[in-house]
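> pasting a predicted model and its sequence here:
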Amino acid sequence: MRLADVAAAAGVSTSAASFVLNGRTDQRIPEETKVRVQEAAARLGYRPNATARTLRTGTSGTYAFVSDFISSTSVANAMVRGALRELDAQGALMFAVETQGDADMERRLVEQLMDRHVDGMIYASMFTRRTVPPALTPGVPLVLLNCLPEPGAADVELAAVLPDEVGAGRAAAEALLRAGHRDRIAFLGTFPEGMSGGEQWGGLHPLALDLRLQGIGERLADEGVALAEAVPVTGWDVADGQEAAEGFLDRVRPSALICANDRLALGAMRVLRHHGIRVPDDISLVSFDGSQLADITDPPLASLALPLEGMGRRAAARVLTAGIPATTELLPMPMARTDSIASPA
C-alpha cells in the first residue's frame, strides 16, 4: 500500500497525506483533513517506509543499547527496562544487543547498528567499571551507563550515568554512626590480591567496591573512627559470605558489620544465626545493592539500593538530548529500611 493510495482514498494530495502521517506541523492542515487521512491509512493498513523516512530526514527514530552481560542478568537488566520505557515514551525504538564481553562481537554489533543509522547509543556495563567505548560515526551521540572510559580511551569527554557508590558508602557509615556505633565496625568483602569480578564476567575489575569503601572510610574519618576489620572474600555469593564470616568471628566480634553486597550479607546472617548472634540486637548489619534478597531476610536488610531502572531512564533521556553535556551524573542509592540496624549491644 502506497502513500498515493492513502491520499486518493482521503481525497487529498500526496503531499498533504505525507504531512499528516509524518506529524509535520510546519503546514496548516485542517483538522477534518487530518482525520480523513488517518482514517484512510488505518482502513488501508498503510505503514510509512522507515528506510525512506530515514533517507529523507536523516534520522531513524531508533537507538541502540549495547551491553556486556546486562540482558542475561536477572537484576541488572532493570537498566534495559528503564531505557526502553523512556525511549518508548518519546516514540523511539530501541535495539538491545549483548556482547558477553567479547571485543570482536562488540565491534561487529556496533558496525551493524551504525549501518542501520541509529540516532544514538547507550553503552552499558553490568557492574561499574572502566571500559574502552566504541568509536561511532561522527555526530552520533554516545552515553555511558554504569561505566567510565579508561584514561585516554576516548578522544573527547563523554556523558555518563552511574550510581553514587561513594555517597552510598558514606550513607552506610552514617546509619551506623547515627545508631551509636563507633569502635567496632567491620567490613566484609574486600578484594584479595589479584581478585577480579570473576571468570563469568571476563575477569573485569568492578569499581563499586573501591568506591563504597572510600565513602565508608571518609564518613568514619569525619568522626575520628576507623574500620576495626576489613575481611577479604574469595567470591561474591552467599557461600563466600558464610566462609568469610566463619573465619573472622573466631577472632573479633564487631558491633556492626557492613557487607559489600546482599549475597555476602545473607551468608553472614546464616553464620551469625548458627552462633546464636542476633541481628540487630547483638550486631547491626548493612549491605549494598538493594536486591530481592534484602526483602526476604529476617529481619529485612538495611541495604543501599542500586537505582538500576532510574539509571537506564536517565541514560536514555540524555541520549535523546541534543548537545549532551560531557558530564558524569551520579544517581543516589537509597536505603529503604533500617530493620537490621540497632544501637550497640
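Yep, that arrived. Residues are numbered from 1 along each chain as shown.
> in stretch 260-280, what's buried?
Neighbour-count burial for stretch 260-280, counted by 16 or more other CB atoms under 10 Å, picks out 260-272, 277, 279-280. Every C-beta, even on glycine, is put in place using the N, C-alpha and C of the backbone.
> nearest to residue 78, of these?
Nearest to residue 78, judged by CB to CB, of these is residue 262 at 14.8 Å.
> hmm, the closest one is touching residue 301, no?
Yes - with contact defined as CB atoms under 8 Å, residue 262 reaches residue 301; the gap is 6.2 Å.
> overlap in contacts of these two?
Common contacts of residue 262 and residue 301 (CB atoms under 8 Å, 6 or more residues apart in numbering): 287, 293, 294.
> buried ones from these, can you make that a ChimeraX selection?
Listed next is the ChimeraX selection for buried residues among those, using 16+ other CB under 10 Å:
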select :287,293,294
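> got a markdown table for the shared contacts of residue 262 and residue 301, with pLDDT, secondary structure and distance to residue 327 too?
What follows is these, written out as a markdown table (pLDDT from 0 to 100; DSSP: H, G, I helix; E, B strand; the rest coil; distance: CB to CB, whole Å):
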| residue | pLDDT | secondary structure | distance to residue 327 |
| --- | --- | --- | --- |
| 287 | 97 | strand | 30 |
| 293 | 91 | helix | 33 |
| 294 | 93 | helix | 31 |
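> nearest to residue 162, of the shared contacts of residue 262 and residue 301?
Taking CB to CB as the measure, residue 287 is the one of the shared contacts of residue 262 and residue 301 closest to residue 162, at 19.3 Å.
> list the beta-bridge partners for the closest one.
Using DSSP bridges, the bridge partners assigned to residue 287 are residue 303.
> what's stretch 325-338 in contact with?
Defining contact as CB under 8 Å, 6+ apart, one finds that stretch 325-338 is touched by 148, 156-165, 167-168, 171-172, 175, 288, 290, 300-307, 310-311, 314, 318.
> where along the stretch 151-300 of the chain do the strands fall?
Secondary structure of the stretch 151-300 of the chain, counting by DSSP state E, counting those that start in this stretch: strands at 159-163, 185-190, 229-232, 256-259, 284-289.
> about what we covered before: nearest to residue 116 among the buried residues of stretch 260-280?
When these are compared against residue 116 (criterion: CB to CB), the nearest one is residue 261, at 37.2 Å.
> OK, contacts around residue 246?
Residue 246 makes contact with residue 271 under the criterion CB under 8 Å, 6+ apart.
> hang on, I meant residue 140
114, 118, 119, 120, 121.
> so how far is residue 104 from it?
Applying CB to CB, to the nearest Å, the value for residue 140 to residue 104 is 21 Å.
> repeat that for residue 294.
Distance, residue 294 to residue 104, using CB to CB: 38 Å.
> got it, and residue 299?
Per CB to CB, residue 299 is found 48 Å from residue 104.
> neighbour count for these two, which is higher?
Set residue 299 next to residue 104 and count neighbours by other CB atoms under 10 Å: residue 299 wins out with 17 against 8.
> quick check: that one touching residue 280?
Yes - judged on CB under 8 Å, residue 299 makes contact with residue 280 at a distance of 6.9 Å.
> any common contacting residues for those two?
339, 340.
> the stretch 1-150 of the chain: helices as residue ranges?
3-10, 14-21, 31-44, 50-57, 78-89, 103-115 (DSSP state H, counting those that start in this stretch).
> so which of these gets nearest residue 241?
Using CB to CB as the measure, helix 78-89 is the one of the helices of the stretch 1-150 of the chain that comes nearest residue 241, at 23.1 Å.
> tilt between the closest one and strand 159-163?
130 degrees (axes from the mean of the first three to the mean of the last three CA atoms, to 10 degrees).
> which residues sit against helix 78-89?
Under CB under 8 Å, 6+ apart, the answer for helix 78-89 is 63, 65, 67, 70-71, 93-94, 96, 122, 124, 145-146, 308-317, 320.
> could you redo the last one with a cut-off of 7 Å?
63, 65, 70-71, 94, 96, 122, 124, 145-146, 308-313, 315-317 (CB atoms under 7 Å, 6 or more residues apart in numbering).
> list the buried residues in it.
Buried, per 16+ other CB under 10 Å, within helix 78-89: 78, 79, 80, 82, 83, 84, 86, 87.
> which residue is the nearest non-sequential neighbour of residue 220?
Nearest residue to residue 220 in three dimensions, chain neighbours excluded: residue 173, at 5.2 Å (CB to CB, 6 or more residues apart in numbering).
> and the buried ones among the contacts of helix 78-89, selectable in PyMOL?
In PyMOL, a selection of the buried entries from the contacts of helix 78-89 looks like this (16+ other CB under 10 Å):
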select buried, resi 63+65+70+71+94+96+122+124+145+146+308+309+310+311+312+313+315+316+317
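> which members of the contacts of helix 78-89 occur in strands, if any?
Judged by DSSP state E, the contacts of helix 78-89 include 63, 65, 94, 96, 122, 124, 145, 146 as members of strands.
> what's the weakest-modelled helix or strand in the chain?
The helix or strand of the chain with the poorest confidence is helix 50-57; it has a mean of 53 (mean pLDDT, DSSP states H and E).
> how about residues contacting stretch 168-187?
211-216, 218-220, 223, 225, 227-231, 252, 254-258, 284, 286, 288, 302, 304, 333, 335, 338, 341-344.
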